[in-house]
Every structure is written in structure tokens, then in C-alpha cells.
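K.L.:
fold the following for me, if possible:
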Amino acid sequence: MTADHIRVVDLETTGFAPPDHAPCEIAFCDLFANATDLTGAPADWRVDFGYGYLCQPGRPIPPETSAIHHIVDEDVAKARPWAEVLGDIVGAPTDATVYAAHNARFERQWITDESTGSAPWICTYKCALRLWPEAPSHSNQALRYWRKPQGLDRAVANVAHRAYPDAYVTAFLLRDMLELTTVEQLVEWSSEPALLAKIPFGDLRGQPWSAADEGLLRWVLRKDFNEDVHFTARAELAKREREGAHDFDEDDAA
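P.N.:
Take a look at the predicted model:
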């Protein structure tokens, strides 16, 4: 992969999942590589400006969803249909294009592989868990205020829960990530379940997974938790096995 262009996207919708719900706003914000490093990989990423579009979802916007993004039926009454607006955002995919979103699993319910030409995706939520497990929260806005990305314009970033400001914030967080690792690594992490930083249940809720004993980790794998919890429990067990083998090797060498 030699991508030198990443398109960050964000959706505001009438609800949580198709087919009952659809987007009422979509926005993008682009990142471009200004240079390449000594290996030829893209480097020196810059955030470019994008645009946001209201779109007609083809169904009413429930009041409980309007309460989040403050978009109402009157705002989208004369907007173009969602499918038509999507074509303006994804355009003609090329090998140099990667898509990104914070919690990309949500956006990909509507922005499918068919529409993007199966382009690779980066989920900045999953990548933030890997790169910044110590963050107080891994939501887009919490990371914004914790990281304080250089160059981010607060006037543009406000107001949260509208498509363009959220895409803009995500783009700056992604730029910071690209200073720490490669596009390829971010895509790989994004293709896996989330490696959770903290235990999300029980008496140890909010504690790092290192606080769980082996019995609890194996109990988790027998229960009906989601794939992120199972993936994290397996990763923690594997980490301990590697550390145990390393300790054994050192003792044997001594």
C-alpha cells in the first residue's frame, strides 16, 4: 500500500443501523502526504479542508436523534438523496485512497465496499486504543481535548456531533497517529476487533486488563461477550504467555 491520500468521513444519521435508518448529513476532510521518508513511505501529512452535505434520508428524523446532532426534517426537506450525495464523497476510488472514520464500523454500515471499491479503512477509535491506551477516554472529542492537536482550529471543530466538525477533529487525530506509525499498521489494527484499554464490566470496570487474573480472562472467553471483549481477553492471555516464556528463557540462560 502506497496511499498518499486519506479521506476522513463522518455521518450523522436518523438512527443506529440500516435499513431502518439512513444518513442525513455526510462530510469529509482530507489528509495528504507532503513528502516521503527514506523508505519511500508517505510522510509529513497535512490536513486539508473538506466539506459537509445535508442529505435526504428518505424517512423522518426521530426527535431523540435530533437531540444529538440538532438536524431536523425541515433542514433536509430540499436536500439531495443520500445515495446521490454519497457519490460526491467517494468519487472514483484509486489505489492511493484510504478511508478513515472514528468508530468506522458505524460509517461502514452505509459507506460499503461496493461504493468505495473495497478501499482500505482506518478506524481511529481502534488505533487510539493501541497508541494511547492511557487516554482518559477514547471518544473523538475527549481525544481532541486530551491530545490538543497542533493547528486544530476550535472555531472549525465546533460544534460536536455535526458531520464536518467531527471529520475535521478525526483528521487531526489521525495526523498525530501517522507521526507514530504507518498507514499500513493503522489499516491492520483497524481490520481487527478493538483491543480495549479497560475492563468494561463487573467489579473491575474501568481497570486495565492487567488487573484481571487468568481465571477471569478464561471465564470471559466462555461467556457471551462481544468480539472486542473476547479479542482483548485472548490478547492479554497471549501477552502473559509470551512474558512467562521470556522470564523462563532468562532464568534458563542464567
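K.L.:
now do the strand or helix carrying Lys126: everything it contacts.
P.N.:
Per DSSP states H and E: Lys126 is located in helix 124-131. With contact meaning CB atoms under 8 Å, 6 or more residues apart in numbering, helix 124-131 is reached by 100-104, 135, 138, 140, 143, 170, 173-174, 177, 180-181, 186, 189-190, 192, 194-197. Using the backbone N, CA and C atoms, a C-beta is placed for each residue, glycine as well.
K.L.:
now the residues you listed: which count as buried?
P.N.:
Those of the contacts of helix 124-131 that meet the buried threshold are 100-104, 138, 140, 143, 170, 173-174, 177, 186, 189-190, 194-197, by 16 or more other CB atoms under 10 Å.
K.L.:
measure Ile61 to Asn140 for me?
P.N.:
21 Å (CB to CB, to the nearest Å).
K.L.:
what's the answer for Leu129, then?
P.N.:
13 Å.
K.L.:
one more: Tyr168?
P.N.:
From Tyr168 across to Asn140, the span is 10 Å (CB to CB).
K.L.:
who does the top strand by length along the chain touch, helix- and strand-wise?
P.N.:
In the chain, taking DSSP state E as the definition, the longest strand is strand 23-36. Other helices and strands packing on strand 23-36, by 3 or more CB pairs under 8 Å, 6 or more residues apart in numbering; DSSP states H and E, are strand 5-13, strand 42-47, strand 51-54, helix 73-76, helix 82-90, helix 163-178.
K.L.:
make a markdown table out of these and add mean pLDDT and distance to Pro19.
P.N.:
As requested, these are exported to a markdown table (pLDDT from 0 to 100; distance: least, CB to CB, whole Å):
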| stretch | mean pLDDT | distance to Pro19 |
| --- | --- | --- |
| strand 5-13 | 96 | 12 |
| strand 42-47 | 94 | 34 |
| strand 51-54 | 96 | 21 |
| helix 73-76 | 98 | 18 |
| helix 82-90 | 91 | 12 |
| helix 163-178 | 98 | 21 |
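K.L.:
how about a markdown table for the ones you listed, with distance to Arg108 added?
P.N.:
A markdown table is the format used below for the helices and strands packed on strand 23-36 (distance: least, CB to CB, whole Å):
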| stretch | distance to Arg108 |
| --- | --- |
| strand 5-13 | 10 |
| strand 42-47 | 22 |
| strand 51-54 | 19 |
| helix 73-76 | 22 |
| helix 82-90 | 12 |
| helix 163-178 | 14 |
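K.L.:
closest one to Lys239 among these?
P.N.:
Lys239 lies closest, by CB to CB, to one member of these: helix 163-178, at 22.0 Å.
K.L.:
hey, which helix or strand in this protein has the poorest pLDDT?
P.N.:
helix 227-253 (a mean of 84; mean pLDDT, DSSP states H and E).
K.L.:
neighbours of Tyr53, how many?
P.N.:
Tyr53: 19 surrounding residues under other CB atoms under 10 Å.
K.L.:
then the longest strand of the chain to PDB, C-alphas only?
P.N.:
These are the backbone C-alpha positions of strand 23-36, laid out as PDB (Å, rounded to 0.1, in the frame of the first residue of the first chain):
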ATOM      1  CA  PRO A  23     -27.700   9.300   6.900                       C
ATOM      2  CA  CYS A  24     -29.000  12.900   7.000                       C
ATOM      3  CA  GLU A  25     -25.500  14.500   6.800                       C
ATOM      4  CA  ILE A  26     -22.100  13.400   5.500                       C
ATOM      5  CA  ALA A  27     -18.800  15.200   5.500                       C
ATOM      6  CA  PHE A  28     -15.200  14.600   4.600                       C
ATOM      7  CA  CYS A  29     -11.800  16.100   5.500                       C
ATOM      8  CA  ASP A  30      -8.700  15.000   3.500                       C
ATOM      9  CA  LEU A  31      -5.100  14.300   4.600                       C
ATOM     10  CA  PHE A  32      -2.300  14.400   2.000                       C
ATOM     11  CA  ALA A  33       1.300  13.400   2.400                       C
ATOM     12  CA  ASN A  34       3.700  16.300   1.600                       C
ATOM     13  CA  ALA A  35       6.700  14.000   1.300                       C
ATOM     14  CA  THR A  36       8.100  10.500   1.500                       C
END
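K.L.:
lovely, talk soon.
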